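Colleague: one predicted model, sequence on top.
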Amino acid sequence: MLDLSPVYDLLGRIMPCACMQARFMQQALLGLLLIAPMTAAMGVQVINFRMAFFADAISHSAFAGVALGLIFSVSPHWTMPLFGLLVGLSIMALRRHSTLSTDTVIGVVFAAVMAFGLAIISREASVARDLQRFLYGDILTIGDAGILNLAALFAAVMAFQAWGYNRLLYIGLNPVVAQAHGVRVAIYQFAFAGLTALVIMLSIWAVGVLLITALLIVPAAAARGFARSAGSMFWWAMLVSITAAIAGLLISAQAWARTATGPTVVLCAFVWFMASQISAAIRKRA
Amino acid sequence: MHSPETKNSPPSDSMMEGIAVAFDHVSVCIDGVSILEDVSASSPHGGCTAVIGPNGAGKTTLLMALLGHIPFAGRIRIGSREENMKSRIGYVPQRLQFDRGLPMTVCDFMVMGLQRRPLWLGTKRSNRIRARELLSAVRGEALEDRMLGVLSGGEMQRVMLALALAQEPLLLILDEPASGVDVQGGQLFCELLERLRREHGFTQLMVSHDLATVTHHATHVIMLNRRIVAEGPPREVLTPANLGAVFGMHMGLADAQALSDGQSACTCARCGGEVTHA
């Protein structure tokens, strides 16, 4: 496997504070530096497409993914992303073809996968004890394999964003117009749903089921408050997400805080969001 | 969703001569409810075809079928094979419901449709210039730096038209161009369309339930009420008998004999006979 230690050493040198000299902290930072830009970029479109509930449904299907791993004795590191991908694409297909409203479709799928996952997991005492790790996430235990997976997904997400950002905006404004003007709406929608599902599933290890949606929504929402153009919205989301990730990790490691990393990161992003609302209010008055 | 007889008589390429869009026995049925029944009609090349009918007549459904957005039985032909009209369609939707909180300038919006390079890597100068040209074609130069969310209904409609023009359309499809703006705005918009149609030579196909503002710009009228009621030049279609049958009362809109025969002038009462569109 690729030796990542030079990267970790570099991170340790860039951030010379005491807490960043431990290898697990350097790994956690690298993990977060891969996760934060992905959730920021996908989050911009999650908001444009009004798909926050979609993100919630995917993240909660993690339980079912773990349950499937138990049933077939496969590592949940495989079953979770695959099952999340399946749920994401299914919701998109239903949403495109069903006459039910989108939130009804998602709500039904959400309930089914959640119930299935909890039913299976509740039978296994050993996993049930581990449930907390899922709910809150634990970036501090991320290993090299996890980081390499994240890096591969990072490359795919950024390539997709560079290729499809304008088209996704187009579709978000009006899919019928986009389609009439030659945008291949279905391909972009499915690619978006699939990639979002994978981002969520791989990020759950870091911030947990309960907070992954926040990592998608909050930086993008804050970016809307700051940005004055569609291009800067992307960069604002990046800035908010990355700074919140770094600040959250550092704060959580301080002796006075000793908080879980995931929630701390989300809280930092929320501070950004409040600032964006204040800045938007001031601008409106001016 | 196939009716057998439609497959036997596909219009050949030669039958498309002079015709931009041909609806051939088109039927649409959604969840067991029949919305369009056996609609056969056509839109002449280079003209302005208005699809009119009361609410619930299936006008927008016909457009959605044309745009390939809903399944239908029958056949819809767009342009002849050579001109490839199908890949050069511009579409202006009925009053766009969109996310007004999206931080996006009108210039961003136009460039979004012009370049592949993501907006977060900047806009090409040539595309900004093109965006300005397109906006000025719809009298929207002043809107360039405005945020999309603060545009009025009429302004948004013109920006949507500019976005459609960026496709360099051979066929421009509009859904209710006069709705969501005041009467005068609708009138101006229709005049703008008429001028653009003459300059660019595209075929215009629009849906409307507002007879007064729109039909006097049309050179061809398709009267629809789930099935075809009448089709032809305005003078022949907009007869008191047809209007009465479809709209349930005499509209008292205009003297049918004074309406356009598909060639010449606007004679609508609102124009007072002063504006000629010939």
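Modeller: Alright, I've got the coordinates.

Colleague: for chain B, list the residue farthest from the centre, please.
Modeller: Residue farthest from the centre of chain B, counting by CA atoms, centre = their mean, is residue B:121 at 34.3 Å.

Colleague: which ones are touching that one?
Modeller: Residue B:121 makes contact with A:162, A:231 under the criterion CB atoms under 8 Å, 6 or more residues apart in numbering or on different chains. Using the backbone N, CA and C atoms, a C-beta is placed for each residue, glycine as well.

Colleague: any idea how far it is from residue A:239?
Modeller: Residue B:121 sits 16 Å away from residue A:239, going by CB to CB, to the nearest Å.

Colleague: then residue B:37?
Modeller: Residue B:37 is 56 Å from residue A:239, where distance means CB to CB.

Colleague: for residue A:64, which non-adjacent residue is spatially closest?
Modeller: residue A:117 (3.6 Å; CB to CB, 6 or more residues apart in numbering or on different chains).

Colleague: what helix or strand is residue A:265 on?
Modeller: Residue A:265 is part of helix A:261-285 when elements are defined by DSSP states H and E.

Colleague: distance between that helix and the chain's centre?
Modeller: Here helix A:261-285 is found 18 Å from its chain centre; the criterion is CA atoms, centre = their mean, to the nearest Å.

Colleague: which neighbouring elements make contact with that helix?
Modeller: Packing partners of helix A:261-285 (3 or more CB pairs under 8 Å, 6 or more residues apart in numbering or on different chains; DSSP states H and E): helix A:23-48, helix A:185-207, helix A:212-226, helix A:230-253.

Colleague: apply 10 Å and report the result again.
Modeller: Secondary-structure packing of helix A:261-285 (3 or more CB pairs under 10 Å, 6 or more residues apart in numbering or on different chains; DSSP states H and E): helix A:23-48, helix A:125-136, helix A:185-207, helix A:212-226, helix A:230-253.

Colleague: per-residue pLDDT, the closest residue to residue B:87 other than its chain neighbours?
Modeller: Leaving aside its chain neighbours, residue B:87 sits nearest to residue A:182 (6.4 Å; criterion: CB to CB, 6+ apart). Looking at residue A:182, its pLDDT reads 91.

Colleague: likewise for the one 3 residues further on?
Modeller: At residue A:185 the predicted local confidence, pLDDT, stands at 94.

Colleague: any idea how many residues pack against the closest residue to it other than its chain neighbours?
Modeller: In space, and not counting its chain neighbours, residue A:185 is closest to residue A:179: 4.7 Å by CB to CB, 6+ apart. The local packing of residue A:179 (other CB atoms under 10 Å in any protein chain shown) involves 19 other residues.

Colleague: which ones are touching residue A:179?
Modeller: Taking CB atoms under 10 Å, 6 or more residues apart in numbering or on different chains, we find residue A:179 in contact with A:170, A:171, A:185, A:186, B:67, B:68, B:69, B:89, B:91.

Colleague: quick one: the third one and residue A:171 touch, right?
Modeller: Yes - using CB atoms under 10 Å, residue A:185 is in contact with residue A:171, at 5.5 Å.

Colleague: where are the low-confidence patches of the chain?
Modeller: By default, I'm working from chain A. A:1, A:128-130 (pLDDT under 70).

Colleague: let's do chain B instead
Modeller: Where chain B drops to pLDDT under 70, the residues are B:1-15, B:81, B:180, B:213-215, B:249-278.

Colleague: which residues in it form strands?
Modeller: Secondary structure of chain B (DSSP state E): strands at B:19-30, B:33-44, B:48-52, B:73-78, B:89-92, B:171-175, B:203-208, B:220-225, B:227-232.

Colleague: for those strands, which one sits closest to residue A:195?
Modeller: Ranking the strands of chain B by proximity to residue A:195 (CB to CB) places strand B:89-92 first, at 27.7 Å.

Colleague: okay, now the sheet partners of that closest one, with direction.
Modeller: Its sheet considered, strand B:89-92 pairs with strand B:171-175 (parallel) by DSSP bridges.

Colleague: how far does the strand it pairs with sit from the chain's center?
Modeller: Worked out by CA atoms, centre = their mean, strand B:171-175 lies 3 Å from the chain centre.

Colleague: how big is the angle separating it from strand B:73-78?
Modeller: Angle of strand B:171-175 versus strand B:73-78, following axes from the mean of the first three to the mean of the last three CA atoms, to 10 degrees, is 120 degrees.

Colleague: on that earlier part again, and the helices and strands packed on helix A:261-285, which is most packed in?
Modeller: By mean neighbour count, with neighbours taken as mean count of other CB atoms under 10 Å in any protein chain shown, helix A:212-226 ranks first of the helices and strands packed on helix A:261-285 at a mean of 27.

Colleague: redo the helices and strands packed on helix A:261-285 as TSV? Include distance to residue B:193.
Modeller: Converted to TSV, these look like this (distance: least, CB to CB, whole Å):
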stretch	distance to residue B:193
helix A:23-48	30
helix A:125-136	57
helix A:185-207	26
helix A:212-226	34
helix A:230-253	28
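
Colleague: out of the ones you listed, flag the one nearest residue B:170.
Modeller: Ranking these by proximity to residue B:170 (CB to CB) places helix A:185-207 first, at 21.2 Å.

Colleague: run the chain-centre distance for stretch A:169-178.
Modeller: Relative to the chain's own centre, stretch A:169-178 is displaced by 23 Å; criterion: CA atoms, centre = their mean.

Colleague: buried ones in that stretch?
Modeller: A:169, A:170, A:171, A:172, A:173, A:174, A:175, A:176, A:177, A:178 (16 or more other CB atoms under 10 Å in any protein chain shown).

Colleague: does chain B have contacts with it?
Modeller: Yes - contact between stretch A:169-178 and chain B is present through A:169, A:170, A:172, A:173, A:174, A:175, A:176, A:177, A:178 (criterion: CB under 10 Å from any CB of the partner chain).
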